[in-house]
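Participant: fold the stuff below for me.
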Amino acid sequence: MKLTMKGDYGLRAMLDMAAYYGQGPIESSDIARRQYVPEQYLDQILMALRKEGLVKSIRGPKGGHMLAKHPGQISMAQVMQALEGYVPPMECLPNPDFCKLSPGCALREVWQKIDEMTQQILGSTTIEELAQRHRTEESTETMYYI
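Facilitator: Okay, the predicted model is just below:
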């Protein structure tokens, strides 16, 4: 699996919204500023996440974006699927005919295991867990500067 900027930015936006979960909508300009994401690109990402039911958007002066579900109910796999679709580590995994060696290839078996483990980790890691880790790391870093 290759993580593109779209996936990285999308996960960072989801973490940002998780940090403010339950406090109402957040303007995309605030998310973009805090996460160092170009706002126009972030708007496209938020639209894709909204289409998949992961983000809610509210228009108007007090509008913005927020998680559509509790952060504990959203997995990294759901975010990645919404933004990237399935991206195999090797082209031969979804398409064995891609390579003439695929049917008996020892490398393909290893790539399949790597893909399965990757999907398992992404599926079992929630946005809430990531946000908690992120907050913990931030508070630890802050302690060193005091």
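Participant: can you show me the strands along this structure?
Facilitator: 55-58, 64-67 (DSSP state E).
Participant: and the first one, what does it pack onto?
Facilitator: In other words, strand 55-58. helix 39-51, strand 64-67 (3 or more C-beta pairs under 8 Å, 6 or more residues apart in numbering; DSSP states H and E). In short, each C-beta sits where N, CA and C put it, glycine included.
Participant: can you tell me which of the strands of the chain is packed in deepest?
Facilitator: Most buried of these, by mean neighbour count (mean count of other C-beta atoms under 10 Å): strand 64-67, with a mean of 21.
Participant: for that one, which helices and strands make contact with it?
Facilitator: Strand 64-67 is packed against helix 5-19, helix 28-35, strand 55-58, with contacts defined by 3+ C-beta pairs under 8 Å, 6+ apart.
Participant: can you give the contact residues for the second one?
Facilitator: Counting by C-beta atoms under 8 Å, 6 or more residues apart in numbering, helix 28-35 makes contact with 9, 12-13, 16-17, 37-39, 42-43, 46, 64-65, all of which sit outside it.
Participant: gap between it and the chain center?
Facilitator: On the basis of C-alpha atoms, centre = their mean, to the nearest Å, the separation between the geometric centre of helix 28-35 and that of its chain is 16 Å.
Participant: pull out the buried positions in that helix.
Facilitator: For helix 28-35, burial by neighbour count (16 or more other C-beta atoms under 10 Å) applies to Ser28, Ile31, Ala32.
Participant: tell me the one among those residues nearest to Tyr86.
Facilitator: Ile31 (26.3 Å; C-beta to C-beta).
Participant: what does the pLDDT read for that closest one?
Facilitator: If you check Ile31, the pLDDT there is 96.
Participant: measure it to Arg59 for me?
Facilitator: Between Ile31 and Arg59 the distance is 16 Å, computed by C-beta to C-beta, to the nearest Å.
Participant: over to His134?
Facilitator: The spacing between His134 and Arg59, counted by C-beta to C-beta, is 29 Å.
Participant: between the two, which one's more packed in?
Facilitator: Under the criterion of other C-beta atoms under 10 Å, the comparison of His134 against Arg59 puts His134 first, with 15 against 8.
Participant: returning to that earlier point: save the strands of the chain as JSON lines, and put in mean pLDDT too.
Facilitator: Formatted as JSON lines, these follow (pLDDT from 0 to 100):
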{"stretch": "strand 55-58", "mean pLDDT": "96"}
{"stretch": "strand 64-67", "mean pLDDT": "97"}
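Participant: brilliant, that's me finished.
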